[in-house]
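> Just a sequence and a predicted model for now, questions to come.
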Amino acid sequence: MQPTETIPPASIAGPSAVKPPLRSHCPICDSNRLHYSFSHQSHRVMRCENCALMFLNPQPSDRELSEIYTAEYFLGHDSDEGRRNSSELKRATARQYLAELTRYNGTPSGRLIEVGCGEGDFLCEAEASGYDVLGVEYAPAACATANKRLQRGRVEQGELADAKLPDSHFDVCVLNDVIEHVRDPLAFLREIRRILRPGGALFIATPCLDSWSAKLMKERWMEWKPEHLTYFNKANIQTALLKAGFEDVIVQPGWKILSFDYVQAHFEKFPVPLFTPAVRLLGKMLPSSVKRKQRRIVASGMMVFSRKAEETRERLSVIVPAFNEANTIRPMMDALVAKEIAGMEIEIIVVESNSTDGTREIVKQYAAHPRVKVILEEKPRGKGRAVRTGLAAATGKYVLIQDADLEYDMEDYDTLVGALVSGRHAFVLGSRHGGRNLWKMRQFTGQRSLSSYLNLGHWLFTTMINVLFWKRLRDPFTMFKVFRRDCLYGLRFECNRFDFDFELLIRLMQKGYTPAEIPVNYRSRSFKEGKKVSMWRDPLTWLAALARLRTSKVDPLAEIAHSRTAQPATEASPLSAEPALAHR
């Protein structure tokens, strides 16, 4: 349910009655695992089993789409009062979008382009806030209306490709309810990237398969329309942006300013069995003042913020925290510098915490290796602090955490990283023993009671996380945490010890990433062999971390805004206090 005037520039190329060819691969992840879901108004809706994208296959012909996008397509255009009320809602929503965009991107300034700008409601608000604006709109009548409204800006009629815009020209691009109409979303996003300057921001508003209305209404969802060619969820929209050359993606609920009158008009124009009669009945019962009142609600969409990435090379950053690991650091490092992943650069960041057993001297011997970056801490501050320091120095598209011991098998890198590269997942956990046999998780020779004690603790804390955060994880405390680096953008971390394992996992889940668990090989080491976790102190820090994290919320846009005004890192405000922001 989107209050928009947009006629997507890439949707209508001409009056041809020929449907586009049937797709055999997903338009986002290129998987061939496509399955029929259902039909809507005789159009087949397919689902990609790899990335969960849903799309019409085949798409409607140009002629079918042209018959949809008539002058009567937009809500509120049947009367002057309806047009005014609709415009007021759009402009109120535009002001809200601009406020969120300011939190993400800073003070409104520079060149802003809106593709599919309709009659210019958003552009008028953007111009008033300080942007130099340009619009691109396919519909001639909407284009003429927008040009009359704007003071300094202008709107060009036609498709985006017809505008022949220069490279790296705009600071901000806005797509309000457009991308779902586009025939080739990836090609469209790459064209947007071309016209944005390095670091330029992209804002997208689009229906979301994860929204409450989509989950409630299922096949009766009001967003199933022949003109909506592609349907995203929070995960695969990020995959699309990553593949198109964007980074620092933030996904938020799609708040809009709506009135009951508008909602009812939408259900009347796009009838939904059961829901339309229910809304109509409610409309007869409510007073006019209540139906006209503007309200801020999440209907069916999401807001997506991202930036043009400066480079798009496939690179894995391996973070290695090292403290008193003289017995294992050399064979581990030898194996790591020799590790190869097809099509992937590997960057190794070793954070050495001033060991007392010779680990530092061994680490220094790898400092000249072209793959290795060595960071020497003045004193040990905990594994979590070392990992945070490593995250702040990472430059790869993907991040993997590797302990300086030999408990895990590097041959599992390929599978773990491959799940990210394919677009299936943004965050994966290497589940020890597949997470299926808890009592084999830790086995110490001659120390059966100790093994059972630690495995029981693992079960207790896993259960607590699953209950508190509504998950079904088997091994949330694995060292093998692998994720896209931009997943960290807008997050703040505080934990320094092993409680950072909890904080990293939970903050990523609170931001919207549900980890996929992939079985990996594992050989547990005993305390005699160097295991450092404290059986009494660390569980207390874990409980404290769980209590703090469960009672706090994540607001990535607030953290991003805060980072623009934060003071330079000092001893009181450590370098890694904001590792998710430091990489930019």
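Noted; the coordinates are in hand.

> For stretch 333-342, buried residues please.
333, 336, 339, 341 (16 or more other C-beta atoms under 10 Å). Any C-beta I mention is one placed from the backbone N, CA and C, and that applies to glycine too.

> any idea how far that stretch is from the chain center?
On the basis of C-alpha atoms, centre = their mean, to the nearest Å, stretch 333-342 sits 29 Å off its chain's mean C-alpha point.

> Next: stretch 97-105.
For stretch 97-105, the distance to the chain centre is 17 Å (C-alpha atoms, centre = their mean).

> any idea of the mean pLDDT in that stretch?
Mean per-residue pLDDT for stretch 97-105: 96.

> and A240, how many neighbours?
A240 has 27 neighbouring residues, counting by other C-beta atoms under 10 Å.

> Next, the contact list for the residue nearest to it when sequence neighbours are not counted, please.
Once flanking residues are discounted, A240 sits nearest to I28: 5.0 Å by C-beta to C-beta, 6 or more residues apart in numbering. Taking C-beta atoms under 8 Å, 6 or more residues apart in numbering as the criterion, I28 is in contact with 48, 51, 53, 185-186, 236, 239-240, 243, 423.

> how many other residues sit next to L540?
By the measure other C-beta under 10 Å, the count of residues near L540 is 11.

> before we move on, back to that, make CSV from the contacts of I28 and add distance to N324, secondary structure and pLDDT to it.
Output for these, formatted as CSV (distance: C-beta to C-beta, whole Å; DSSP: H, G, I helix; E, B strand; the rest coil; pLDDT from 0 to 100):
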residue, distance to N324, secondary structure, pLDDT
C48, 47, strand, 96
C51, 43, coil, 92
L53, 47, coil, 96
P185, 50, helix, 96
L186, 48, helix, 96
N236, 43, helix, 94
T239, 40, helix, 93
A240, 44, helix, 96
K243, 42, helix, 92
G423, 39, coil, 84
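
> Let me have those residues in TSV, extended by distance to A367.
Formatted as TSV, the contacts of I28 follow (distance: C-beta to C-beta, whole Å):
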residue	distance to A367
C48	44
C51	40
L53	44
P185	44
L186	40
N236	40
T239	36
A240	39
K243	35
G423	35
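
> Among these, which one lies nearest to A99?
A240 (25.3 Å; C-beta to C-beta).

> low-confidence ranges in this protein?
The model of the chain has pLDDT under 70 over residues 1-15, 70-80, 82, 312, 433-454, 524-536, 567-584.

> Recalculate using a threshold of 50.
Across the chain, the ranges flagged by pLDDT under 50 are 1-13, 435, 438-439, 526-527, 567-584.

> So for the longest helix seen in it, what gets flagged as buried?
Longest helix in the chain, counting residues (DSSP state H): helix 80-105. Across helix 80-105, burial judged by 16+ other C-beta under 10 Å covers 82-83, 85-94, 96-98, 100-101, 103-105.

> what's downstream of it, the next helix or strand?
strand 111-115 (DSSP states H and E).

> So what's the gap between that next one and the chain middle?
Taking mean C-alpha positions (C-alpha atoms, centre = their mean), strand 111-115 and its chain are 22 Å apart.

> relative orientation of it and helix 80-105 in degrees?
130 degrees (axes from the mean of the first three to the mean of the last three C-alpha atoms, to 10 degrees).

> Strand 111-115 pairs with which strands, and in what direction?
Strand 111-115 sits in its sheet next to strand 132-137 (parallel), strand 170-176 (parallel), going by DSSP bridges.

> Would you mind giving those strands as JSON lines with mean neighbour count and distance to F267 added?
Listed next are the strands paired with strand 111-115 as JSON lines, based on neighbours: other C-beta atoms under 10 Å; distance: least, C-beta to C-beta, whole Å:
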{"stretch": "strand 132-137", "mean neighbour count": "24", "distance to F267": "27"}
{"stretch": "strand 170-176", "mean neighbour count": "24", "distance to F267": "21"}
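
> Figure out which of the ones you listed is closest to S24.
It's strand 170-176; of the strands paired with strand 111-115, that one is closest to S24 (C-beta to C-beta) at 27.1 Å.

> Pretty sure L488 sits against R388.
No. Between L488 and R388 there is no contact under C-beta atoms under 8 Å: 10.2 Å.

> which one of those two has more residues nearby?
Shown here are L488 and R388; by other C-beta under 10 Å, R388 has more neighbours (29 against 26).

> Phi and psi next, for K471.
Backbone torsions for K471, taken as degrees, to the nearest 10, come to phi -120, psi 170.

> Count the residues that sit near it.
K471: 15 neighbours (other C-beta under 10 Å).

> From E227, how far out is it?
As defined by C-beta to C-beta, to the nearest Å, K471 lies at a distance of 37 Å from E227.

> How about H169?
In this view, H169 and E227 are 29 Å apart by C-beta to C-beta.

> Between those two, point out the one with more neighbours.
Set H169 next to E227 and count neighbours by other C-beta under 10 Å: E227 wins out with 18 against 14.

> quick revisit: taking the buried residues of stretch 333-342 one by one, which sit in helices?
Per DSSP H, the buried residues of stretch 333-342 map to helices at 333, 336.

> Out of the buried residues of stretch 333-342, which comes closest to A566?
L336 (33.3 Å).

> which residue sits closest to that closest one in space, ignoring its chain neighbours?
Nearest one to L336, counting by C-beta to C-beta, 6+ apart, is I348 at 5.9 Å.

> how long is stretch 510-522 from one end to the other?
28 Å (C-alpha to C-alpha, to the nearest Å).

> sorry, that was for stretch 33-47
Taking C-alpha to C-alpha, stretch 33-47 runs 8 Å from one end to the other.

> do stretch 120-138 as well
Span of stretch 120-138 from end to end, C-alpha to C-alpha: 12 Å.

> where's that stretch relative to the chain centroid, distance-wise?
For stretch 120-138, the distance to the chain centre is 26 Å (C-alpha atoms, centre = their mean).

> ditto for stretch 459-469
So, by C-alpha atoms, centre = their mean, the centroid of stretch 459-469 is 25 Å from its chain's centroid.

> Perfect, I'm done here.
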